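Engineer: Next one to model:
(chains A and B)
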Protein chains: 2
Amino acid sequence: MKVTINDIAKQAGVAKSTVSRYLNGGRISQKTSEKIKRIIEEHNYEPNSFARSLKSRKTGFVGVVAPALDSFVTSKILIRMDEELRTRGYTTLISNTSHSIEREIESLQNLQRQKVDGMILFATELTPAHFELIESLTVPLLIIGQETDQTHCIVFDDFQAGYKMGECIASAGHKKISYIGVDETDVAVGQRRRKGIETACRDNGAEDIQFFRSGFDFDSAMLAAEKSLEHSQASAIICATDTIALGAMRVIREKGYRIPEDISVSGFGGYTVSKMIHPSLVTVEFDYQETGYLAASTIVKLMQSEEVDQLQRPHFKIREGESVKGKK
Amino acid sequence: MKVTINDIAKQAGVAKSTVSRYLNGGRISQKTSEKIKRIIEEHNYEPNSFARSLKSRKTGFVGVVAPALDSFVTSKILIRMDEELRTRGYTTLISNTSHSIEREIESLQNLQRQKVDGMILFATELTPAHFELIESLTVPLLIIGQETDQTHCIVFDDFQAGYKMGECIASAGHKKISYIGVDETDVAVGQRRRKGIETACRDNGAEDIQFFRSGFDFDSAMLAAEKSLEHSQASAIICATDTIALGAMRVIREKGYRIPEDISVSGFGGYTVSKMIHPSLVTVEFDYQETGYLAASTIVKLMQSEEVDQLQRPHFKIREGESVKGKK
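Structural biologist: I've put the predicted structure just below:
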């Protein structure tokens, strides 16, 4: 016997449209949701194919484009997002672009051709090609990590996060502080985060803040840290990421200094490994769980033509550790 | 005369779909496979162009199912694989399953429905549900990380890798050795890797090899390391993964011992972070680049009905580091 959506609705005592909404991951009370779920399971029905038959052009797929799958931050957000999309009846299809803007555009086009219902882009940079593409999309697009008024975005508050960390270090009594940061072409990290740090250091009595340029990789972080040790008398080194902080820690030790007795170190990112090492790293931990959840619920709302704020900012906190010592 | 798939099927006495499955690298009994192969050869047909002409529904998509995107090993393999598939004109679609076997099966089914041309599964465990699914697939499936004769597999040689590490530690003169490993339900790591280590330790003069059970996570690794320090006098601790080694290193330091002067430590995995820390970790580094390349080239061959070895083993090496000291 073929069970129809009408049968399910009748048995659950709800409208057909409610079942349909359930199957498409729409908003529905928990109680009703559980009831429908039970009935569907009793009849051993597979919700996906079921859902598809209901909405002819719906595939139940959400496409995700990411520049790097070996990024701690991206993978943490992705996993929570995927989890949430799944509970709402969607399947995530992930494309990796190895930091190529060209591939990013190509992947978004491919996904649209695959008839996904919505797309999420982990952006590192937004180019004219992106804006042209956004213009031509027929499904909603959510961007994570960069800001634009062309579409919906989820972005960390890098100025505030930088400010908190600068405050944490300077208010501990450090007067001479090095900041190992990245290039300004990265608006979020290279500009806003740096600005936040430098502002807070000045606001909290630091006298000397020196900037040293690094890439995002360990090796260039080690070079920048060597320069910092050579050219500054800083008692604290703030690093733009946890990876950079690991590079700095290695160089500091190799030069025979102790952390944090001689030099304090801090990072940004809150990587898992930063708590595993000794001394554990003081770092900014963005709420990746919240970000993943927000991303999933936002794209679902957009796919259902509900209203969502254009710009959303997940929370962050300073994660305590052993790598910073007060100078007071 | 043009031979059609119908002619082949008739001559072989099988269904047209069986021939199609043969041509697409799907699962098929060896006997039938040989029969179809013979008939195709008799007619002097080139399976490749043949196969291609049959598959008017080629999408150029390869589906990948992975248990965890925040795994160092998985992400390294994935990125290289994706790179290689792209240069060969394929697009990778990745599904994350958060270590759920149920989702794994569901994702493979979903991908097949999406009409991918081939699928790659990062497997942690193979259940009857997997074998049932493999039976029903109409596109080739490549499994990474587990062995089965039901389909093509790429698996690390965990016995040999374990042996090399055991040899490295025992031949450095360590007589009392702890091994912090994982449960036997994991065939590769829990059984083969352990067996290799213990065999090599005995072969190389170790007198006392004690096993301590851990999970794959940092916290349970710390607990296991505490037990090891309490119950053994080991001068070296071999750990089943780099994460477990990080847990052990933390505990060893907290108890006031020095690494490697008092206790040597080694890992498996060759994570990037294991070279960043101080002392850098001696570890087994599997060739993830090779694995990714092999996975891509193998699935492409299978999709084109070319022959590939059923089982392939990527290389590995011991990565030097500062965490092990000789006792001679």
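
Engineer: What are the neighbouring residues in contact with residue A:244?
Structural biologist: Residue A:244 is in contact with A:180, A:214, A:216, A:218, A:221, A:224, A:267, counting by C-beta atoms under 8 Å, 6 or more residues apart in numbering or on different chains. C-betas here are computed from N, CA, C, even on glycine.

Engineer: Could you work out the most separated pair of those?
Structural biologist: When C-beta to C-beta is used, the two most widely separated members of those are A:224 and A:267, lying 13.5 Å apart.

Engineer: These two: which has the busier surroundings?
Structural biologist: Set side by side, residue A:224 and residue A:267 give different neighbour counts by other C-beta atoms under 10 Å in any protein chain shown, the larger being at residue A:267 (29 against 26).

Engineer: which residues sit in contact with the nearest residue to the more buried one once chain neighbours are set aside?
Structural biologist: In space, and not counting its chain neighbours, residue A:267 is closest to residue A:245: 3.4 Å by C-beta to C-beta, 6 or more residues apart in numbering or on different chains. Contacts were defined as C-beta under 8 Å, 6+ apart; by that measure residue A:245 touches A:221, A:237, A:239, A:265-267, A:274, A:281, A:283, A:323.

Engineer: a markdown table for these, including distance to residue A:313?
Structural biologist: Shown next, in a markdown table, are those (distance: C-beta to C-beta, whole Å):
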| residue | distance to residue A:313 |
| --- | --- |
| A:221 | 27 |
| A:237 | 27 |
| A:239 | 23 |
| A:265 | 27 |
| A:266 | 21 |
| A:267 | 20 |
| A:274 | 23 |
| A:281 | 24 |
| A:283 | 19 |
| A:323 | 27 |
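
Engineer: Doesn't residue A:95 lie inside a helix?
Structural biologist: No: read with DSSP: H, G, I helix; E, B strand; the rest coil, residue A:95 is strand and lies in no helix.

Engineer: How much space separates it from residue A:8?
Structural biologist: The span separating residue A:95 from residue A:8 equals 34 Å under the rule C-beta to C-beta, to the nearest Å.

Engineer: Leaving aside the residues adjacent along the chain, what's closest to the residue in the stretch 101-250 of chain A positioned nearest to chain B?
Structural biologist: Residue nearest to chain B within the stretch 101-250 of chain A: residue A:246 (4.4 Å; C-beta to the nearest C-beta). Nearest in space to residue A:246, with sequence neighbours left out and distances taken as C-beta to C-beta, 6+ apart, is residue B:276 at 4.4 Å.

Engineer: what does residue A:292 give?
Structural biologist: The shortest distance from residue A:292 to any residue other than its chain neighbours is 2.7 Å, reached at residue A:80 (C-beta to C-beta, 6+ apart).

Engineer: show me what contacts the one you found?
Structural biologist: Applying C-beta under 8 Å, 6+ apart as the definition, the contact partners of residue A:80 turn out to be A:288-289, A:291-293, A:296.

Engineer: Could you tell me which residues within the helix or strand hosting it count as buried?
Structural biologist: When secondary structure is defined by DSSP states H and E, residue A:80 falls within helix A:72-87. Within helix A:72-87, the residues that count as buried by 16 or more other C-beta atoms under 10 Å in any protein chain shown are A:72-86.
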